[in-house]
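Colleague: predicted coordinates and the sequence they were generated for:
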Amino acid sequence: MNPTMLFRPLPLLTAILFAVLTMILLHPAQGTAAALRGIAIWWDVLFPSLLPFFVLSELMLGFGIVHFFGTLLDPIMRPLFRVPGIGGFVMAMGFASSYPVGARLTSKLREEGLVTREEGERLVAFTTTSDPIFLIGAVSIGFYHDVKMAAVLAVAHYGAAILIGLLMRFHGRKAAMTPPVKRRKGSILKQAFQAMHEARLLDGRPFGTMLEEAIRVSVRMIFVVGGLVVFFSVILEMMTLGGLMEFVRRGIGGLLQMAMIPSSLSDAIINGLFEVTLGAKLAGEASGMPLVFKAAVGAFVLSWSGLSVHAQIVSLLHTTDIRYGPFLAARLLHGLLAAVLVLLGGNFMYRSFLFLHF
């Protein structure tokens, strides 16, 4: 070994992890409390909301549902989003379930060669969204204490996701796409059912075996998700105790003032940068400011989705060649677009539907 290598500076990530470890040793009680908060979020919110969708998505793949949607939606998804028709299934599951499900399905499609790398990057960029139950129950009712906020956040969140899908069609324009579905005789619905039947025969597993494997895979994934939530909860607490978050708070507060948004919402954004539930909670419970600003910050946090979710996505995609960079850029743009939609569309929705109180 070259002796000079011993004197090279530590990589940034190693230095950060060492600093966090030191802070945990200095503040064990606060670290344990932060870990318990992360476990509570995982057990109370994420475990019951994600596990059924993980299991169902695995079963649907085994039953050939993905091939059904691939044939049925190919004429729509390909020209709009430049992804094959099976992207419609991923989009539906991603919008109906929670953040990591779209990435899980995309990674499976990439592993099976049903999408190219660029198609997978486009797909995971706009199918990574919050689920309606979390948006309505936890955020709108639990944090904002107003069920009518669900309409505002849903329009901004899912509307911005569709805009991201349309914009991401320009990503990897020169890359080859998967060939279109071969047309057979009969209606497109009949062709879709034929494709599903052939895929089910090719899989060949009995339902009991399929269910057992789906539960085993899903439970393993849900524990990975829980570990990441706890990890980032502790990281955030240690950064706060170390005083680093004060510098971040000042920087974000300055950016908010430039956007004419109260700087007191900087805590919600800071927490939301790491964990979406914490950020949405602080945005909803902030007091003394117009609701439109609280909604805009909440929409940004939901769409950015937090580094905890980012880590979950990376863990799900690590077996493929799908890159994190396009996903990161799409998350940031998704958050900004969602916030702008709230700021621009609040008054319009109030005049149109007469249920918003901005």
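Modeller: All right, it came through fine. Numbering: from 1, shown residues only.

Colleague: pretty sure residue 35 contacts residue 227?
Modeller: No - between residue 35 and residue 227 there is no contact under CB atoms under 8 Å: 10.4 Å. All C-beta spots, glycine's among them, are computed from the backbone N, C-alpha and C.

Colleague: so for the host helix or strand of residue 120, what's the average pLDDT?
Modeller: With secondary structure defined by DSSP states H and E, residue 120 is part of helix 117-127. What helix 117-127 shows for mean pLDDT is 93.

Colleague: outside of whichever helix or strand residue 246 is part of, which residues touch it?
Modeller: Per DSSP H and E: residue 246 is located in helix 244-258. By CB atoms under 8 Å, 6 or more residues apart in numbering, the surrounding residues in contact with helix 244-258 are 236, 239, 262, 263, 265, 266, 267, 269, 270.

Colleague: chain center to it: distance?
Modeller: Relative to the centre of its chain, helix 244-258 is centred 24 Å away, using CA atoms, centre = their mean, to the nearest Å.

Colleague: quick check: mean pLDDT of it?
Modeller: Helix 244-258 comes out at a mean pLDDT of 82.

Colleague: quick one: list the elements packing against the helix or strand following that helix.
Modeller: Per DSSP H and E, helix 244-258 leads on to helix 266-274 as the next helix or strand towards the C-terminus. Here helix 266-274 touches helix 207-241, helix 244-258, helix 276-285, helix 291-304, helix 306-317, going by 3 or more CB pairs under 8 Å, 6 or more residues apart in numbering; DSSP states H and E.

Colleague: pull the CA atoms of helix 266-274 into PDB?
Modeller: The C-alpha trace of helix 266-274 is given here as PDB (Å, rounded to 0.1, in the frame of the first residue of the first chain):
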ATOM      1  CA  SER A 266     -38.500  26.600   6.900                       C
ATOM      2  CA  ASP A 267     -38.700  24.000   9.700                       C
ATOM      3  CA  ALA A 268     -41.400  22.100   7.800                       C
ATOM      4  CA  ILE A 269     -39.200  22.100   4.600                       C
ATOM      5  CA  ILE A 270     -36.100  21.100   6.500                       C
ATOM      6  CA  ASN A 271     -37.800  18.100   8.100                       C
ATOM      7  CA  GLY A 272     -39.600  17.300   4.800                       C
ATOM      8  CA  LEU A 273     -36.200  17.200   3.000                       C
ATOM      9  CA  PHE A 274     -35.400  14.200   5.200                       C
END
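
Colleague: buried ones in that helix?
Modeller: By 16 or more other CB atoms under 10 Å, the buried positions in helix 266-274 come out as 266, 267, 268, 269, 270, 271, 272, 273, 274.

Colleague: chain center to that helix, what's the gap?
Modeller: Worked out by CA atoms, centre = their mean, helix 266-274 lies 16 Å from the chain centre.

Colleague: and for it, what's in contact with it?
Modeller: Contacts of helix 266-274 (CB under 8 Å, 6+ apart): 232, 235-236, 245, 248-249, 252-253, 256, 278-283, 286, 297-298, 300-301, 304, 306-308.

Colleague: mind giving me the packing neighbours of the helix holding residue 120?
Modeller: helix 65-81, helix 86-96, helix 99-111, helix 149-168, helix 324-353.

Colleague: identify whichever of those lies nearest to residue 22.
Modeller: helix 324-353 (27.8 Å; CB to CB).

Colleague: between helix 99-111 and that closest one, find me the angle.
Modeller: Helix 324-353 runs at 130 degrees relative to helix 99-111, counting by axes from the mean of the first three to the mean of the last three CA atoms, to 10 degrees.

Colleague: make 308 the starting number, not 1.
Modeller: Sure, I'll start numbering at 308, so the last one becomes helix 631-660.

Colleague: what residues of helix 631-660 count as buried?
Modeller: 633-634, 637-638, 640-642, 644-650, 652-653, 656.

Colleague: residue 415 against residue 369, yeah?
Modeller: No - with contacts counted by CB under 8 Å, residue 415 stays clear of residue 369, the gap being 10.7 Å.

Colleague: next structured bit after the helix holding residue 427?
Modeller: Following helix 424-434 toward the C-terminus (DSSP H and E): helix 439-440.

Colleague: residues in contact with that following helix?
Modeller: So helix 439-440 is contacted by 356, 402, 403, 457, 461 (CB under 8 Å, 6+ apart).

Colleague: how about stretch 619-626?
Modeller: 406-407, 410-411, 413-414, 418, 431, 435, 528, 531-532, 535, 631, 634.

Colleague: tell me which residues in that stretch are buried?
Modeller: Using 16+ other CB under 10 Å as the test for burial, stretch 619-626 gives 619, 620, 621, 622, 623, 624.
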